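# how would this look folded up:
(chains A and B)
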Protein chains: 2
Amino acid sequence: MKGAAGGSPARTGRRPGSSDTRDRILAAARAAFGELGFEAATIRGVAARAGVDPALVHHYFGTKQRLFVAAMEIPHDVAAVIPRALDGPPEELGLRIARFVLELWDSPEMHPLMLGIVRSAATDPVAAGMFRQVLAEGPFLAMARATDRPDADLRATLVGSQLVGLAMARYIVKVDPIASADREILVCAIGPTLQRYLTGDLGGAEPRA
Amino acid sequence: MKGAAGGSPARTGRRPGSSDTRDRILAAARAAFGELGFEAATIRGVAARAGVDPALVHHYFGTKQRLFVAAMEIPHDVAAVIPRALDGPPEELGLRIARFVLELWDSPEMHPLMLGIVRSAATDPVAAGMFRQVLAEGPFLAMARATDRPDADLRATLVGSQLVGLAMARYIVKVDPIASADREILVCAIGPTLQRYLTGDLGGAEPRA
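As a prediction, this is how the structure comes out:
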């Protein structure tokens, strides 16, 4: 299964359209991990969804864990759009974050990916590690630092905690009325929470301020 | 495996100490579901933890799903203590909820149970259903209704969303500094969030008020 070409993306040219195949496998993997979580998803199941032989999935990605990491990578075009999406009046940062994250959840491209990470993080250590990194070192930390308030690490992870909980309620456990609420209702409900976590007084959380 | 006695708790008296055995199986099940989630936990694994034959687990509980439901039942002594724990000045209700729920998470009795529900809800429909019920119909709804504000259902589930997200960050994904923070730091950080969700202005969430 291991090609002599090693890690190079050049695939000997033997298989025309192999980049399409790889993308199809990744899309199938996102769907499978999103629906089932890391534990229950299988290479065989991903192959079946993609309409390819399981050996081909192994050929491209090796283990299920490496397939997961590849499938859950945030697309460059989404990453590139983050700073612009969050640009605006500082006192409305919380609203903008809430809106942007809910829009990502509702986009066909990002939905299965985010579902896959949250669902898998509940049971799989590798997924939990990726998720931990997003929460602790992702864009929220940069935002918290930019506000010049103390406890940026705590503030960033509090923002993450509310967003993850909202996602659990709306997209995974699907509890009403959160599951069926208009996006803007939720933006108005949790935006001020995120705003306070980033810029407000956290009470006992700032004894050293 | 199906005894003629049906659903009766009387077990023919053949097995002295059978109530202890049942409790040992339930404790083992909570540990297994808490650690692995519903999907990955097995009757065989639970039996091994409890030091009994898998057939005995089947005898007492039938399927893994029924074992899960039995293991995840909130103990009566905990349920009984909820109203008292939350009694106090209305303007500090959010702080009291945050403190009470974090204390439950940190109690040896409740920790594996709550871990099992949240972890399993991410991938298993039955667990998700139980969890949905706790969020939508549990004590938070009664509290939200008691405040006489509109949108009690939305308010209750928003409270649940923040508490679930905090639990994901602190106990499942274990992201620092939330994972290692003193309990009271987190109580002060999220208490006002819960207070606003229960009694505050939710902005766009009250167009019909």
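
# Every contact and neighbour count from this point should use C-alpha atoms.
Will do.

# domain parsing for chain A?
Domain assignment for chain A by automatic domain parsing gives A:18-71, A:76-201.

# Between the two ends of the shortest one, how far is it?
Translated: domain A:18-71. Counting by C-alpha to C-alpha, to the nearest Å, you get 16 Å between the two ends of domain A:18-71.

# again, but for the last one
Across domain A:76-201, the terminal residues are separated by 35 Å (C-alpha to C-alpha).

# which regions of chain A lie under the pLDDT threshold?
In the predicted model, chain A carries pLDDT under 70 at residues A:1-17, A:204-209.

# all strands for it, in order.
According to DSSP state E, chain A carries no segments that qualify as strands.

# and the longest helix for it?
Using DSSP state H, we find that the single longest helix of chain A is helix A:18-40.

# tilt between it and helix B:18-40?
Taking axes from the mean of the first three to the mean of the last three C-alpha atoms, to 10 degrees, one finds helix A:18-40 and helix B:18-40 inclined to each other by 170 degrees.

# one step back: mind putting the domains of chain A into a markdown table with distance to B:G160 and mean neighbour count?
Formatted as a markdown table, the entries for the domains of chain A read as follows, by distance: least, C-alpha to C-alpha, whole Å; neighbours: other C-alpha atoms under 10 Å in any protein chain shown:
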| stretch | distance to B:G160 | mean neighbour count |
| --- | --- | --- |
| domain A:18-71 | 22 | 19 |
| domain A:76-201 | 8 | 20 |
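
# And the ones you listed: which comes nearest chain B?
Of all the domains of chain A, it is domain A:76-201 that lies closest to chain B, at 3.6 Å by C-alpha to the nearest C-alpha.

# Give me the distance from the closest one to the chain's centre.
In terms of C-alpha atoms, centre = their mean, to the nearest Å, the centre of domain A:76-201 is found 9 Å from the chain centre.

# hmm, it in reach of chain B?
Yes: counting by C-alpha under 8 Å from any C-alpha of the partner chain, contacts between domain A:76-201 and chain B involve A:118-123, A:128-129, A:131-132, A:135-136, A:153-154, A:157-158, A:160-166, A:168-169, A:172-178, A:184-186, A:188-189, A:193, A:197.

# Which stretches in chain A count as helices?
With helices called from DSSP H, chain A shows them at A:18-40, A:43-50, A:54-61, A:64-71, A:76-86, A:93-106, A:111-121, A:125-137, A:139-146, A:152-167, A:183-199.

# which residues touch A:T123?
The contact partners of A:T123, taken as C-alpha atoms under 8 Å, 6 or more residues apart in numbering or on different chains, are A:F38, A:E39, B:L36, B:G37, B:R119.

# Surely the last one is in contact with A:A122?
Right, the one you point to is B:R119. Yes: in terms of C-alpha atoms under 8 Å, B:R119 counts as a neighbour of A:A122; the distance is 5.0 Å.

# Now the common contact residues for these two.
With C-alpha under 8 Å, 6+ apart applied, the overlap between the contact sets of B:R119 and A:A122 consists of B:G37, B:I172.

# what sits against A:S120?
With contact taken as C-alpha under 8 Å, 6+ apart, A:S120 is in contact with A:F33, A:G37, A:F38, A:E39, A:A127, A:A128, B:A122.

# run the last query once more with 7 Å
In this structure, A:S120 makes contact with A:G37, A:F38, A:A127, judged by C-alpha atoms under 7 Å, 6 or more residues apart in numbering or on different chains.

# ok, now A:L102?
A:R183.

# And it, how far from B:R30?
Taking C-alpha to C-alpha as the criterion, A:L102 is separated from B:R30 by 33 Å.

# now do A:G37
A:G37 sits 21 Å away from B:R30, taking C-alpha to C-alpha as the criterion.

# Over to A:S19?
In this structure, A:S19 lies at 45 Å from B:R30, with C-alpha to C-alpha as the measure.

# For the nearest residue to A:A189 once chain neighbours are set aside, grab the count of nearby residues.
Nearest residue to A:A189, sequence neighbours excluded (C-alpha to C-alpha, 6 or more residues apart in numbering or on different chains): B:L202, at 4.9 Å. Residues near B:L202, counting by other C-alpha atoms under 10 Å in any protein chain shown, number 22.

# isn't B:L202 right up against A:I190?
No: under the criterion of C-alpha atoms under 7 Å, B:L202 is not in contact with A:I190, lying 8.2 Å apart.

# just to revisit the earlier point, just checking, what packs against the longest helix of chain A?
Under the contact criterion of 3 or more C-alpha pairs under 7 Å, 6 or more residues apart in numbering or on different chains; DSSP states H and E, the helices and strands touching helix A:18-40 comprise helix A:43-50, helix A:64-71, helix A:111-121.

# which one of the contacts of A:T123 sits closest to B:D77?
Minimum distance to B:D77 across those is 23.5 Å, recorded for B:R119 (C-alpha to C-alpha).

# Please report how far that closest one lies from chain A.
Applying C-alpha to the nearest C-alpha, to the nearest Å, one obtains 5 Å for the distance of B:R119 from chain A.

# and that residue, what is it in contact with?
Under the criterion of C-alpha under 7 Å, 6+ apart, the contact partners of B:R119 comprise A:A122, A:T123, B:G34, B:G37.

# Check whether the first one really touches B:R170, as I assumed.
No: applying C-alpha under 7 Å as the test, A:A122 and B:R170 come out as separate, 11.9 Å apart.

# How about the contacts made by A:A50?
By C-alpha under 7 Å, 6+ apart, A:A50 lies in contact with A:R24, A:I25, A:A28.

# List the contacts of the most centrally placed residue in chain A.
To find the centre residue of chain A, average its C-alpha atoms and take the closest one (C-alpha atoms, centre = their mean): that gives A:M114, at 3.9 Å. Under the criterion of C-alpha under 7 Å, 6+ apart, the contact list for A:M114 reads A:W105.
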